[in-house]
Structures are given as C-alpha cells and as structure tokens.
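Asker: Pasted the sequence and its predicted model underneath.
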Amino acid sequence: MNAPHVSYAKLASIITLAPSFLNAHCVGAFQPPSSLLVSRSTSRPGCNIALREKINESTTAPANVGSTSTDWIREEFESPSRTQLATPQPSEAKNRRFTSSEGLLNKGRVVGPDRVLVYDTTLRDGTQMESISVSCNDKLKITQRLSKFNMDYIEAGWPGSNPKDEQFFSQAKLPMEEGGLDEITKSKLVAFGSTRRKGIKACDDGQIQKLIESGAPTICIVAKAHLWQVTDIIRADPDENLQMIFDSVSHLTQQGREVMVDLEHYFDGFKFDKEYTLKCCKAAMEGGAKVLVMCDTNGGTMPWEVDQITRETIATCDVFESDIFGAGEKRVTFGMHAHNDCGLAVANSLTAAKAGVGLIQGTVNGIGERTGNADLCSIVPSLALHVDTKMNVNENLEEITGLSRFLDETLNRTPNKGAPYVGHSAFAHKGGLHVAALERSPDSYQHIDPSRVGNQLRVLISELSGRQNILGKIKKLDLGIADDVVAERALVILDRVKRLESMGYTFEGADASVELMILHSTQGYCPPFRVLDYDIFCRSTHLALLPFRSFKWRSTAQVYDTNVDSASRVMSKMENGQQAGAHVAPNMARATIKVRVLDDPKRSEDEFLDRLEVSEGKGPVDALANALKKALAPSHPSLDNLQLIDYKVRILDPESATQAATRVMIEFSDPLTNQKWSTVSVDRNIISASLNALVDGFEYALKDVVASCVIDDFDEKFE
C-alpha cells in the first residue's frame, strides 16, 4: 500500500502522546525511552485501539490529501505482522538478541574533536576490497581482537545479504565455550542493512527482519540522501524515500535497537540539492535515529567542503531537534564515513571531527572497496596524540601496530611498510644527517615516540647512510668495543655497504645481513660453520616414468585447444600417466652440501667435524635449505625451528639477459622466539646468490647460541 504523505513532526507529536493511552489498556507500566520518538509498547491488541482513537481525534489531513489520510497509520499500527514483531518477552529476548549496548549515546550528543566514538567497519565495508575474503571463523577472531582494542562499535556484516554473515551472527550468540563471543564483545556488535524497499511496510521487509533476528544491539541502515540517486538510481518518489527512512528507523527503534543511519552520497547530495538532503536527516531524526552518518561515498569531497557542509548540517539539525524534542535538546550524534578515492579519507575524517562530528567510521589499515576506506590506524593515533581527543581506545593505543599486523596476517595480505604510525618503515631513518640528529634528540625527525603506537625506531643502512647509522647499529649490538675502535670499524663497514649497493645489494630490508657484516668485522668473531662445497642436481621425471603406450594422443585441434603453454602440456602428461596407473613424481631437486662445524661446543678448539648431507626439495633452493639444515641440526638443534617464510628474486640488469645479476632476499622466522629476519645476496648465478642468503640466515639464527668463535685460524684451515 502506498502511504500518503504525513508531516513527520505531526506524526511524532501524535505518537509521543501515546503512553498515557497505552497504560490504560496494557498490563504493567509503560516507560518509553526518552531518546526515542516512536514509543515501544508491550504489544497488546488493546494498545492499537487506544492509539487509533487518539490519532483520529488529533490528526487533520493535509490539504492535498483526502480525509482518510491517517488510514495508513492505523493500518501500520494494527497490522498483525507488527504485533508479531513486537518486543519479545525476556525469556525470548535472551535467545534472540545480545546484551544491550554500552549506552555510549544515551547521555546526549557526542561532539568532536573533544570526544569521539570509533566505529570499525573492517568486517563489512573493508571486506569489499579486491582480493579480500574472510571466513566466518576468521571474522570471529578479528571481532575479538577489535573488541580487545576497545573499539566502540564493530560492524560485523549484513545478515540480510549473504549466508556467511547470517552464520556469523548465529555463531556470535553462542556462549564462549561453544565458540561464541564474550558479552562485552556482543554489546559492541552492529548489524548493517538498508531501509525498507519501496511499496512495502518495514515490518514486512525480509532484510529488516534479518537485522532484528541478528540479535545485534545496534543496527546501522544505509539510506539514499542524494535526490538524483533517489529519482534516477533506485527510481523512487522523493517523498517515498523520506518515508522509507522514517518507517525503517522507527520500526527498528520499536524493537529496542539503537539505530544509526548511513546517509549515502551525503556530501554530493548536499551540493546537488541540500534542502532534500537535510529532509533525509530530519526523517531519520524523527524516526528515532541515534546517529546520522554523513558518507562521502564516492570519495571526491575536499576537506574544506567537508568542514563547511558538516557545520551547516549540524546547525540546521539543531533547529530540527528543537522542533522535535524541545528547545536546547541535542540527542543526535553526527558521524563521518569517508572513502579514499582522492587520498583524503583520513584528512576528511579529521576535518569532520574538528567540525563537530562525534563518531568516525573506518577500517583497520584502510581496506575497503576501490581505493579503500578511512584508515583507523591513522585517524585514531592522530586524534589521540595530536588533537588530545578523548576516546575509549586511547588506553590501548600501544597495541594498534599489533592490531594492524594481525589483520594483515589473518587476511593473508602483505603489510604496507609505508603506512603511517604502524608501517615497518614509519619510523625508519636512512639519511646520515637525520640519524646524527636523532642521536642527539629523538624528536628531531619524529613527530611522536614510536613506542606510543607499539612501533619502533629503525636505522637503515644504505649508500645514503652516514657513519651515525652504522654506529647506531654497533651500539645496539652491545659488543663491548672501545669507542675509537667502533668509529674506525663504522667507516670500514659504511664503505663496504656503499660498494655493495653499487653492485645491486640493498640492505634496507636485510638487517640480519648488516648485523653479520658488523660481527664479521669484529675481532674475535668467526662464523659457527662454513660451507665447504655444494652441488645441485635437478631432474624432471614426468617423461621418464611414463611408458610410451600410456599416452593418449589428441587430434591437432585438441592440442591447440588445451596444450597452449608448457604448464598445460606438463599437466596433460601427468593426467595421462595417472590414467594409465603410472606413478608420477613431482619435479624434484637434490642438493649435496658439505659443511665444517664444531661438533660439540665443549670440545677443544682444534676439533672440527666435516659433515656431508644430501636432501631433496621442491626446487634447488628448497633442496639447499633442507640439506643445510640437515647438516647443521645435529650440532645446533635450535635450527629445527627455523622457517623460511619469504623468498624474493629481482633481476638487476635485464639488458644482460641470461647473464643478468640477480638479487635474492630471504625472510626467516623462529616461531618459538617470534623473531623474523631477512638476508640478501647478489650474484649472476641465482643458486649461488640463494645459498649465500641462506647461509647468512642460518648464521644469524646462531649468533646468540654461539657466544664466541673457537675455530683458530679459520681461513687457513679451510684452504
């Protein structure tokens, strides 16, 4: 049924008179929440009768509508479906919804920049980023971590749009021992949805019902706030869109939910027709919304526009609130939702907070559709440390770098090293002049102490480095060397670094190689092992193990259709062999390696052991790593924990073709100590470069195990 237009202010004044009439017909006292425009009844049929009588007495029809203009209101309040969707009894509510939210908005409007609530939408808007997919179990883990960080609101998904989000909310309801969430985390959950569809009542809209069934104490619905988007995109009558906003918000508030409204395309809509956009705000306020979120959906709004439009919106809505609630009442908080299409999402969010916005929506690491959302890992520290904003997350600010890296790890993303505050390079210093200044004062080239956000200062070694960079590294190693010797060795190492980088080395991401260079230049240190010889044998077994008769030759047309590259030809042969019952081994490499080690650290310095080992792997580098570990583990069992977690190869001079120099960088980790380190090597032989990087990585793992060098005249003994 299409409802005729009725003034929202008139409707609000009618409905707020209802409690005195409801009490006359309902069992028990009726105490409507003071912050809601639409009162909640205990849903007895008699309440609708009394309310209908009051509406008939108090409402006059608009001039352009017949005398029956209130019939749609009576039908809405008398509909059986509305009675069925009324607030459940306590025993039923326990099974259907989470504990109530923390009441962060119950004390009136939250005004920035003095105070800001943080609303995380990583698990909903963030997962719309290309190449990101997250399982239900991972969503639960991320939710717990966000709650531990003390995010005020955690938007966990859209239960009306996909089965995974419905599964999440169902799982979240369970007790913790059954895989659910703790009560504090449940109180922070937000279910996302949209306004009702055109031409139906909110109580009959399936996705609205899904929002209620999710049990989330807070619901955020998206609504069109751009007149052109209303008329041309969803093709709705402008007045009907306003009614859709009001109906959806009022219905959800009647179910006891705290409702926020994301006003989509808000800034573009304001510039297109601000009168209509502000009417959308008023409709949401009259429906009982606690937060109006202004969305820069297309990400094209400039910061000065955000400031102007935000201030004008708040000023106009102050007038609306006085009309609705009474003079001086400020119950509705304003929010900001920014996209990063112009690289301004963080700037726009901070600008909005300065203009009075009290709730900021964003995602961890700024993930999101297209170019991403506003990055909470930049917004939160900026507000806390530079604006002195009061936020509930402030007490956990030192955990924000860990939160950033946890999310990337869970989503299997490569962290952005250059990310402000939380990136690996956020407090990395390379220029010698900078490092020299930092030695005198850490504030000389840093805007904050890195430890305040859980990060750390790093001094990079490169051809642009100065002596202070090397000195800082040496002091960090605490080798107990006299200052004059340290200064002398620093110049030698710096010269070596610059010469190696001119050959293609890069030490910025290979701190382990730099530390080993320093140790090797120190008198009294020598490596705990030495590779004496190695050999690699690679073979392809696909053809060797397949008898000729097992192949099923295809026609020429079929060959062109399927065997279009080497990979498809190999797979075809493997499939044919499997069909013929032949055993097909993968491509394997075999490495033979000979190392010299001190077999027992307690032995005398002249007793060494030469160990020869053979191992196979899925490629030559894997085979070398396996053989090296096999040869060293008997003398150094701690190497059993060593893992290779990344292997990068870069051709330095492509114009040299097959004679090109190759840079290999390998990252290692030790799960027991939770340490990671990287090594680098360059050679025109990719196998040699890989082995050198492997040897450095294994030696670095033993640098704390082997306290001092016990191999006398090491170089002579290997000749």
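Answerer: That came in fine, so what should we check first?
Asker: now the helices: where do they sit in the stretch 251-400 of the chain?
Answerer: 266-287, 303-325, 345-354, 376-382, 400-410 (DSSP state H, counting those that start in this stretch).
Asker: I'd like those laid out as TSV, including mean pLDDT.
Answerer: Formatted as TSV, the helices of the stretch 251-400 of the chain follow (pLDDT from 0 to 100):
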stretch	mean pLDDT
helix 266-287	96
helix 303-325	95
helix 345-354	98
helix 376-382	97
helix 400-410	90
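Asker: Can you add mean neighbour count and distance to T195 and give those back as CSV?
Answerer: Backbone N, C-alpha and C define where each C-beta goes, glycine included. Output for these, formatted as CSV (neighbours: other CB atoms under 10 Å; distance: least, CB to CB, whole Å):
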stretch, mean neighbour count, distance to T195
helix 266-287, 22, 9
helix 303-325, 17, 19
helix 345-354, 25, 23
helix 376-382, 25, 26
helix 400-410, 19, 30
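Asker: Any chance of those helices in TSV with distance to S161 as columns?
Answerer: TSV is the format used below for those (distance: least, CB to CB, whole Å):
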stretch	distance to S161
helix 266-287	21
helix 303-325	29
helix 345-354	24
helix 376-382	23
helix 400-410	22
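Asker: Can you tell me which of those is nearest to G179?
Answerer: If you check each of the helices of the stretch 251-400 of the chain against G179 by CB to CB, helix 400-410 wins as the nearest, at 16.9 Å.
Asker: out of the helices of the stretch 251-400 of the chain, nearest to K648?
Answerer: helix 400-410 (17.4 Å).
Asker: Quick one: name whatever helix or strand follows the closest one.
Answerer: Counting by DSSP states H and E, the element after helix 400-410 in chain order, helix or strand, is strand 428-429.
Asker: that older thread, out of the helices of the stretch 251-400 of the chain, which comes closest to F608?
Answerer: helix 400-410 (41.3 Å).
Asker: helices or strands up against the closest one?
Answerer: Applying 3 or more CB pairs under 8 Å, 6 or more residues apart in numbering; DSSP states H and E, one finds that helix 400-410 contacts helix 136-148, helix 376-382.
Asker: Grab the nearest non-local neighbour of H226.
Answerer: Excluding the flanking residues, the one nearest H226 by CB to CB, 6 or more residues apart in numbering is G269, at 3.1 Å.
Asker: Equivalent analysis for K629, please.
Answerer: Nearest to K629 is L639, by CB to CB, 6+ apart, at 5.7 Å.
Asker: mind showing which ranges of the chain have poor pLDDT?
Answerer: Scanning the chain for pLDDT under 70 picks out the ranges 1-102, 430-442, 444, 459-511, 513, 520-525, 539-587, 599-607, 704-719.
Asker: Convert stretch 120-133 to PDB, retaining C-alpha atoms only.
Answerer: The C-alpha coordinates for stretch 120-133 follow below in PDB (Å, rounded to 0.1, in the frame of the first residue of the first chain):
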ATOM      1  CA  ASP A 120      35.000  -0.100  12.900                       C
ATOM      2  CA  THR A 121      33.600  -1.400   9.600                       C
ATOM      3  CA  THR A 122      36.500  -3.700   8.600                       C
ATOM      4  CA  LEU A 123      34.400  -6.800   8.600                       C
ATOM      5  CA  ARG A 124      31.700  -5.300   6.400                       C
ATOM      6  CA  ASP A 125      32.900  -2.400   4.200                       C
ATOM      7  CA  GLY A 126      36.600  -3.500   4.500                       C
ATOM      8  CA  THR A 127      35.900  -6.900   3.000                       C
ATOM      9  CA  GLN A 128      34.600  -5.400  -0.200                       C
ATOM     10  CA  MET A 129      38.200  -4.700  -1.200                       C
ATOM     11  CA  GLU A 130      39.500  -6.600  -4.200                       C
ATOM     12  CA  SER A 131      41.200 -10.000  -3.300                       C
ATOM     13  CA  ILE A 132      40.000 -10.000   0.300                       C
ATOM     14  CA  SER A 133      37.800 -12.800   1.600                       C
END
